[in-house]
Structures are given as structure tokens and as C-alpha cells.
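**Q** got a predicted structure here, sequence first:
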Amino acid sequence: MTGTGTLLRLMLRRDRWRLPAWVLGLSLLMAYFSTALGTVLDGESLVGLAQLALSPVTALVGGPSYGLDEVTVPRFLAGLYGVYLMLGAALMSMLTVSRHTRAEEQSGRAELVLAGVVGRHAQPAAALILTVVMNLLLAALMTGVVLTAPIEPAPEVASTILFTSSIAAAGIAFAGVATVTAQLSPYSRTCTSLAGLILAVSFVVRGLGDMSRVQGGDLAWLSWLSPIGWAQQTAPYTLDRWWPLLLPLVFSVLAVALGSRLRARRDMAAGIIADRPGRTQAATWLGSPLALAWRLQRGTILGWSVAMLTAGLVFGAFTRTIADTAGDMPVEILAVLGGAMGITEGYLGFMGVYFAVIISVYGILAVTALRAEEAGYRTEPVLSTAVGRRAWLLSWVGVAAAGAFWLCLLAGLAEGVGAGLVTGEWSLLGPTVLGHSVQFAPVWLFIGLVAVLYGLAPRMTGLAWLVFISGSVLIMFGRMIELDQVWLNLSPFEHVGQHPATEVGWTGVVVLAGMGVLLALLGALAFRHRDLTAS
């Protein structure tokens, strides 16, 4: 552990802009939620929203909804919006750990650092300390934000601290996840994608458990298999349970111990999963930047494909349950899902948007991996050949975009099959596949956004996460708090529609996809006019 303090100061120096951007950005998001809810909601609207929040669909995207039978603004804030702040903290933690561990090894800087008077475990220890500090700062700022927000009745101090601590605990848990995944592959791209996939699976498993709980089903225990679910089980402002916070913290400690053990068993810049020896000569189809981009991304796409196939079948299997409980749902949720007569189509249409939100995580991570390629000195050898900068960037983005479309299509196919198996209505398959497939358009917009940020300045790619979180929250909860349409239109997910419950918004599909392509082209143009960097 020798040199941990020195490395921590170095990391703070390197993250002098990145750290406040993440902490202040997520705190501002909390400020927006608490101020909007405190200003817009009154007693009558709170009662209506509480009935809406107790529906299985809202439990799927929000959480277990503790205390909403006697709803208050603080309970509504923690019960429905807290999960998305937890996702933000988790992303912040995973990217920070990966940046200061695996990415450093990949670039060769870690070896130079370890050549000095620095212990082998000093670097991951400093990265974890930095990540924990970021989460604690985030919790402290969010506590002040909630306590000063115009909320009536005023939230209790102890409950507010519990609420923000649960957000920090989720972030710390996924710092442990990133510590383990950082040992598996020599490439930060793969390690970050694995951590992102685990986060997505945790969110889906938690959603299935909470959905079953609201319906009185037998799968409520699934929520306890997810670090996100553990943090939500604190039930701030209702049960005020502190003991569930021990679960993500113990999980983090065990994950860090496992990561340290794995790190001690591998060579510098290597991974636990050994690289397979390649062929003596490359296949002829690999002789283009597009083929190389596919070769480098195919493992990630395969992993996400398995996850989307499984999730689609599981969520499709809930279609019958949703239809059977339509009579117990509040009028508001029935209106969102197309009415009691069209509840099946409404549920499948809503799930198309839900999958688009999840697949957007894949899209952002896929294009962000370009930064790791550049920092690892693998982009420069490619560009030293007859491959141009625009061809390299657009090839990578093109494979990511094709992967996003494939995942949307696969999710729709799996969910349509699942719905057909439990309802016997196979006529739902075609509309479900179409409704899910067109959701590629907002995902392409995020892919283009990351591409243009990467082309301008690689360090700015993190801004895409803030845009993504804001857009996701608006589409999931904007109508619940009766936001004007002008605000809802700020979410890219708003403009495609929820087919088969509604008609496909083909104008939105074309505009969003076109904007994504245009942003990618601008990113390629900007990439031509900047220096390569390994920092």
C-alpha cells in the first residue's frame, strides 16, 4: 500500500474537472426532482400519483413504493426517483474505478508508476478511496439539496440522510463490481462493458422483484438479489431501515477482496481471462476498419444479446398477469397504457421504451470505448496505415449503431414470443417487434452525441450520461407529475411513440436517427482536427 496517498493526490489532480462535474451534475438532478415535486404536487395530485405508483408497471421502473399508501412528497421522491440517482452514482463509480485502474495499465502508465516506490495495491486502493469520497460528497450535497427544497411537509433530517446514504451505498457497491471486472480482461472497454451489463441485469432483476411484490406474486425475493434493490429496501421516510445498507457495503468489501486476489494472480496489463492465440494470418474479411470494429465489439454485442433475449422472454411472460390485474389499476395508469381494453398492447408498448432506456447504456458504453482504444495506443497504429480518421471513427460508430438496432429487434422478438406463449395471442408478435425495433432512434441519438463529444474532446464524453439520465427520468415519470409537454419533449424517448398502443411516430424516428447520424459525422470531422491523446 506504499504510495497510496501520493497516488490519491495525483488522481484528484487528474479529476479536478471530472469529479465536480459528476457530483454537481447528479446533485443538480436531485435539486430538479425535489424542487419540481415540491412545487407542482399538492394533496389531491399526490393521492392520484400514489395510486399510480402502486401499479406493477410503475414498480418495474421505480421501485417497491414503500409508504405510498399514505403518500408525502419525500416518500414519492425516494420511492420513484431514487433508483435513477442510484444508477447515476453506480455509473460514476464504475467509470472512475476503470479509469484509474485498468485504463492506466492499458496505457502503460501503471507500469511506470509501479517502477517507483509504490506498492502493488496502492493504485486500486487510491482509486477506491477516490470513488468512496465522490459518493460521500454526493450524499452530503444531496442531503443539503433535499433539506432546502420547497417541500411540504419538510423532510426529516435523519430520513434524508438515510435516503442519500442509500444512493452512495449503491455507488460504492458498483465500485466493487468494477474492481472485479477490471481484472478480467486486458482491455478497459471490455471491463467497463461487463460492469455496465451487471448494472443493467441488477436493474432488471430488481424490477421483476418489485413488480411481483406489488402484484402479490412469488418473485418478490428477486429484489434482494440486486445491489440496487438492497439500497431501496432502506425505505426512507417510511420504515427508515438502516440495516439494508450493510448489504451493499459488505458486498463491496467482498468484491474488493476478490478483485485484489485476482489482481495478485495475474501479470501487469494482463487479464484473468487469457487471450486466445490468433491465427498466423488474419482472415481476408478483416482487411477493413469496419471489419476490425466488428471484431473488437462482437463479444460485447453477444453478451448484451443474451441479456436482452432473457429479459424479453421474462417480461413478456408477465403480459398475462398485467392483463388479469387491469381492473385493479388506477385510471391514470390505464390511460398511459391505452385503457383497460388495450392494456396488453399498452404494456408491450411501454416495455419498448423501457428496453430503449437500457439499450442506450450499451450504446453510450460502446462509443465511449473509443477513448480506451486511443489511450491504449491501439488507434495510432491503425491510423498509421491507409485507414483515415473518419473511416475509423464512423466504422466503430456504425457497428455500435447496428448493435443497438439488433438489440432492440431482439428484445421485441423475445418479448413478443413471451407474450404469445402466455396469452396465446400470436398476433401480438409482429406489432411488438415493430414497436421495439423503432426505439433504435433515440439510442442512435445518444451514440451520435458521444461520437461528437469524443471527436471534440474525449474527456467530455461523460456529459452524455447526464443527458441520458435526464431523458430517462422525463419519459418514465414526467407525466406522473403533470409536466407540460414542452418539458416532456426534451426527452429523446418521447418522440417515437409506444407501438402497438399508439401509432409509430415515424417523423420522430427519422429525425432522431438523422440527428444521430449527423452528430456522428460532425464527430468524425472534429476528430480529424485534433491531436491523439493518451491522457
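**A** Cool, got the structure.
**Q** how would you label the closest residue to residue 245 other than its chain neighbours: helix, strand or coil?
**A** Leaving aside its chain neighbours, residue 245 sits nearest to residue 169 (4.9 Å; criterion: Cβ to Cβ, 6 or more residues apart in numbering). Placement of C-beta: from N, CA and C, glycine included. Three-state call for residue 169 (DSSP: H, G, I helix; E, B strand; the rest coil): helix.
**Q** give me the neighbour count for residue 169.
**A** Neighbours of residue 169 under the rule other Cβ atoms under 10 Å: 25.
**Q** again with residue 388
**A** 13.
**Q** phi and psi next, for it.
**A** phi -80, psi 160 (degrees, to the nearest 10).
**Q** my guess is the residue nearest to residue 245 contacts residue 248. True?
**A** Yes. In this structure, residue 169 is within contact of residue 248 by Cβ atoms under 8 Å, at 4.3 Å.
**Q** and the closest residue to residue 318 other than its chain neighbours, what element?
**A** Leaving aside its chain neighbours, residue 318 sits nearest to residue 211 (6.7 Å; criterion: Cβ to Cβ, 6+ apart). Using DSSP states H and E, residue 211 maps to helix 188-214.
**Q** again, but for residue 153
**A** Residue 153 belongs to no helix or strand, assigned by DSSP H and E.
**Q** and the gap between it and residue 36?
**A** 17 Å (Cβ to Cβ, to the nearest Å).
**Q** count residues in the vicinity of the residue nearest to residue 318, would you?
**A** Count around residue 211 with other Cβ under 10 Å applied: 26.
**Q** that one: what's it in contact with?
**A** 56, 57, 59, 60, 217, 318 (Cβ atoms under 8 Å, 6 or more residues apart in numbering).
**Q** from the residues you listed, which is closest to residue 147?
**A** The shortest approach to residue 147 among the contacts of residue 211 belongs to residue 59, at 27.5 Å (Cβ to Cβ).
**Q** list the buried residues in the helix or strand containing the closest one.
**A** Here residue 59 is covered by helix 56-61, with elements defined by DSSP H and E. Neighbour-count burial for helix 56-61, counted by 16 or more other Cβ atoms under 10 Å, picks out 56, 57, 58, 59, 60, 61.
**Q** make CSV from those and add pLDDT and distance to residue 422 to it.
**A** Formatted as CSV, the buried residues of helix 56-61 follow (pLDDT from 0 to 100; distance: Cβ to Cβ, whole Å):
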residue, pLDDT, distance to residue 422
56, 74, 15
57, 69, 17
58, 71, 21
59, 79, 19
60, 77, 17
61, 73, 21
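**Q** contacting residues around residue 527?
**A** 389, 390, 393, 454, 455.
**Q** the residue nearest to residue 394 when sequence neighbours are not counted: neighbour count?
**A** Among residues not flanking residue 394 along the chain, residue 524 sits closest, at 5.3 Å (Cβ to Cβ, 6+ apart). Using other Cβ under 10 Å, residue 524 has 22 other residues around it.
**Q** now residue 524: how far from residue 281?
**A** Distance from residue 524 to residue 281, by Cβ to Cβ: 30 Å.
**Q** again with residue 255
**A** 41 Å.
**Q** do the same with residue 182
**A** Taken as Cβ to Cβ, the span from residue 182 to residue 281 is 32 Å.
**Q** who's more crowded, those two?
**A** When residue 182 and residue 281 are compared for neighbours, residue 182 comes out ahead with 28 against 7, by other Cβ under 10 Å.
**Q** can you pull up the most central residue in this protein?
**A** Per Cα atoms, centre = their mean, the C-alpha nearest to the average position across the chain is that of residue 361, at 4.8 Å.
**Q** quickly list the domain ranges of this structure.
**A** What automatic domain parsing lists as the domains of the chain is 1-272, 287-535.
**Q** secondary structure element for the closest residue to residue 297 other than its chain neighbours?
**A** Nearest non-adjacent residue to residue 297, counting by Cβ to Cβ, 6+ apart: residue 399, 5.2 Å away. Using DSSP H and E, residue 399 sits in helix 389-423.
**Q** what mean pLDDT does the helix or strand immediately after that helix in the chain have?
**A** For helix 389-423, the succeeding helix or strand toward the C-terminus, using DSSP H and E, is helix 429-437. When pLDDT is averaged along helix 429-437, the result is 93.
**Q** ditto for stretch 271-280
**A** 78.
**Q** ends of that stretch, how far apart?
**A** 22 Å (Cα to Cα, to the nearest Å).
**Q** how far out from the middle of the chain is that stretch?
**A** Counting by Cα atoms, centre = their mean, to the nearest Å, stretch 271-280 is centred 29 Å from the centre of its parent chain.
**Q** tell me who's in contact with residue 179.
**A** Applying Cβ under 8 Å, 6+ apart, the residues near residue 179 are 97, 101, 124, 128, 255, 256, 258, 259, 260.
**Q** narrow the residues you listed to those that are buried.
**A** Here, 16+ other Cβ under 10 Å leaves 97, 101, 124, 128, 255, 256, 259, 260 buried among those.
**Q** reformat these into a markdown table and put pLDDT next to each item.
**A** As requested, these are exported to a markdown table (pLDDT from 0 to 100):
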| residue | pLDDT |
| --- | --- |
| 97 | 95 |
| 101 | 92 |
| 124 | 92 |
| 128 | 96 |
| 255 | 96 |
| 256 | 95 |
| 259 | 93 |
| 260 | 93 |
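**Q** on that earlier part again, what do residue 169 and residue 248 both touch?
**A** Common contact partners of residue 169 and residue 248 (Cβ under 8 Å, 6+ apart): 230, 231.
**Q** pLDDT below threshold where in the stretch 101-250 of the chain?
**A** Scanning the stretch 101-250 of the chain for pLDDT under 70 picks out no residues.
**Q** would you map the helices across it?
**A** 102-107, 109-114, 122-148, 157-181, 188-214, 227-232, 246-264 (DSSP state H, counting those that start in this stretch).
**Q** picking up where we left off before, quick one: contacts for the residue nearest to residue 394?
**A** Here residue 524 is in contact with 389, 390, 393, 394, 397, 451, 455 (Cβ under 8 Å, 6+ apart).
**Q** put together a markdown table for these, with pLDDT, distance to residue 273 and neighbour count on each row.
**A** Shown next, in a markdown table, are the contacts of residue 524 (pLDDT from 0 to 100; distance: Cβ to Cβ, whole Å; neighbours: other Cβ atoms under 10 Å):
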| residue | pLDDT | distance to residue 273 | neighbour count |
| --- | --- | --- | --- |
| 389 | 91 | 31 | 19 |
| 390 | 92 | 33 | 16 |
| 393 | 94 | 28 | 26 |
| 394 | 95 | 30 | 22 |
| 397 | 96 | 27 | 29 |
| 451 | 95 | 29 | 31 |
| 455 | 93 | 31 | 27 |
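**Q** now, which of the residues you listed sits nearest residue 531?
**A** residue 389 (11.3 Å).
**Q** and the gap between the closest one and residue 499?
**A** Residue 389 is 38 Å from residue 499, by Cβ to Cβ.
**Q** and for residue 408?
**A** 12 Å.
**Q** next: residue 476.
**A** From residue 476 to residue 499 the distance is 18 Å (Cβ to Cβ).
**Q** now swap in residue 238 and tell me
**A** Taken as Cβ to Cβ, the span from residue 238 to residue 499 is 37 Å.
**Q** next: residue 94.
**A** In terms of Cβ to Cβ, residue 94 sits 33 Å off from residue 499.
**Q** neighbour-wise, which of those two wins?
**A** Neighbours were counted for residue 94 and for residue 499 using other Cβ under 10 Å; residue 94 has more, 28 against 23.
**Q** name the helices or strands packed onto whichever strand or helix holds the more buried one?
**A** Following DSSP H and E, one finds residue 94 within helix 82-100. Contacts defined by 3 or more Cβ pairs under 8 Å, 6 or more residues apart in numbering; DSSP states H and E place helix 82-100 against helix 18-40, helix 122-148, helix 157-181, helix 188-214, helix 227-232, helix 463-477.
**Q** how many residues are close by the nearest residue to residue 225 once chain neighbours are set aside?
**A** Excluding its sequence neighbours, the residue lying closest to residue 225 (Cβ to Cβ, 6+ apart) is residue 205, at 5.5 Å. Using other Cβ under 10 Å, the number of residues around residue 205 comes to 20.
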